[in-house]
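>>> the following comprises the amino acid sequence and a computationally predicted model.
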Amino acid sequence: NLANNHSFDYGQSGFDQTRRALRKAGLAITGPPGVITVMRAGAVRVALVGFSSYAWSNDLTDVPAARRLVRKAAGRADVVIVTFHGGAEGPDETNVDPGTEYFLGENRGDLTRFSRAVVDAGADLVVGHGPHVLRGMEWYRGRLIAYSMGNFGGYKAFSLGGPLSVGGVLRVTLRGDGTWVKGELEPTRLVGGGIPALDPAERALGLVREVSKEDFGRRAMRISVAGRLRPPAA
C-alpha cells in the first residue's frame with residue numbers, strides 16, 4: 001500500500017521508482033488515486049484499495065469519493081479489503097477520537113465516519129495504520145474494522161517503551177462472499193533496536209480489548225486470552 005505519509009519523501013521521481021521496483025519484484029501495489037488492485041485467491045477475486053490523507057493517494061478525507069471508489073471495487077471483486085493510513089500519532093493516541101483527527105496541523109481524517117462509509121459501500125475488511133500504536137477493533141454491519149495495527153518493525157526508528165513498542169499480526173479468514181469466518185491477533189513487540197518479535201507478555205491483547213470497549217461499546221470486537229477474535233453477541 002503506497003497510501004501513506006512517506007511515499008512522496010523523494011518526490012514524484014522517488015514515487016515512480018518505488019512503483020517500478022515493486023512491479024519488477026512481482027508485487028502488486030495499491031493506494032495511488034483511482035487504483036483498485038484486484039488479485040485472486042483461488043477462484044475468489046479480491047480487491048484491495050488504499051487510502052490516506054495525501055494528494056498522491058486515494059483521499060480518506062473525501063468520504064463520498066471513497067464510498068464511490070469502494071462501490072466500484074465491489075463491482076469488480078467478490079471480496080473488498082480497504083487499508084488506510086490515518087489518525088493522530090503518538091503514545092497517547094490509542095483511542096479513536098470522535099470527528100476529525102489532526103497531527104502537526106494535518107487533517108488525518110474522520111476515521112469512524114470513513115471506515116463505516118466504506119463498509120456501507122461494500123468493504124468486507126478495513127485495516128488501519130498510521131498512529132504508531134494499536135487501536136481498537138469494531139464490529140460494524142458484520143464486518144471487522146481494525147483502526148490501527150501499531151508498529152510492527154522499524155530499526156532504530158521508534159521508541160521501545162510503552163504502547164509504541166506493542167504491535168500485532170492480524171489474521172482474518174473470510175468466505176468467498178466476504179462474510180466472516182474467524183480471526184486472531186498475534187501479539188508482537190519491538191526488541192533490539194526495533195526488530196519485531198513475538199510478545200510472551202501478550203500486551204497487545206489487553207490493550208486492544210480495553211480500547212475497543214472504551215471506543216465502541218457494544219460494537220467492540222471481543223478478544224479471547226488466546227487472541228481469537230469473536231464478534232459481539234447480537
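Good, I have the coordinates. Not measured: the values here are computed from a predicted model.

>>> dump stretch 54-66 to CSV, restricted to CA.
Extracted C-alpha coordinates of stretch 54-66, given in CSV (Å, rounded to 0.1, in the frame of the first residue of the first chain):
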residue,chain,number,x,y,z
TYR,A,54,-2.4,12.9,0.9
ALA,A,55,-2.6,14.0,-2.7
TRP,A,56,-0.7,11.1,-4.1
SER,A,57,-3.3,8.6,-2.8
ASN,A,58,-7.0,7.9,-2.6
ASP,A,59,-8.2,10.5,-0.2
LEU,A,60,-9.8,9.3,3.1
THR,A,61,-10.9,12.8,3.9
ASP,A,62,-13.3,12.8,0.9
VAL,A,63,-15.8,10.3,2.2
PRO,A,64,-18.2,10.5,-0.7
ALA,A,65,-15.4,9.8,-3.2
ALA,A,66,-14.1,7.0,-1.1
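
>>> now do it: everything it contacts.
The set of residues external to stretch 54-66 that reach it, using CB atoms under 8 Å, 6 or more residues apart in numbering, is 2-5, 7-8, 15, 31-35, 49-53, 69, 84-86, 100, 107, 109-111, 113-114, 117-118, 121. C-beta coordinates here come from the backbone N, C-alpha and C atoms, glycine included.

>>> just the buried ones out of those residues, please.
2-5, 7-8, 15, 31-32, 35, 49-53, 69, 84-86, 109-111, 113-114, 117-118, 121 (16 or more other CB atoms under 10 Å).

>>> that older thread, list the ones among the contacts of stretch 54-66 that fall in strands.
Residues of these located in strands (DSSP state E): V49, G50, F51, S52, F84, H85, N107.

>>> any chance of JSON lines for those, columns pLDDT and distance to K213?
Formatted as JSON lines, the ones in strands among the contacts of stretch 54-66 follow (pLDDT from 0 to 100; distance: CB to CB, whole Å):
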{"residue": "V49", "pLDDT": "98", "distance to K213": "29"}
{"residue": "G50", "pLDDT": "98", "distance to K213": "29"}
{"residue": "F51", "pLDDT": "98", "distance to K213": "26"}
{"residue": "S52", "pLDDT": "98", "distance to K213": "28"}
{"residue": "F84", "pLDDT": "98", "distance to K213": "22"}
{"residue": "H85", "pLDDT": "98", "distance to K213": "25"}
{"residue": "N107", "pLDDT": "96", "distance to K213": "28"}
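
>>> quickly list what the most centrally placed residue in the chain is bridged to.
The centroid of the chain falls nearest to G128 when counting by CA atoms, centre = their mean (2.0 Å). Beta bridges link G128 to F84, judged by DSSP bridges.

>>> how about the contacts made by it?
83-87, 111, 115, 135, 145-149.

>>> quick one: the helices in this protein?
11-24, 63-76, 111-121, 203-216 (DSSP state H).

>>> what residues of the first one count as buried?
Residues of helix 11-24 classed as buried under the neighbour-count rule (16+ other CB under 10 Å) are F15, T18, R19.

>>> quick check: the first one touching N4?
The reference is to F15. No - the criterion here is CB atoms under 8 Å, and F15 misses it with N4 at 11.3 Å.

>>> L144: neighbour count?
Residues contacting L144 under the criterion other CB atoms under 10 Å number 21.

>>> identify the bridge partners of it.
Bridge pairing for L144 - DSSP bridges - gives L125, W139.
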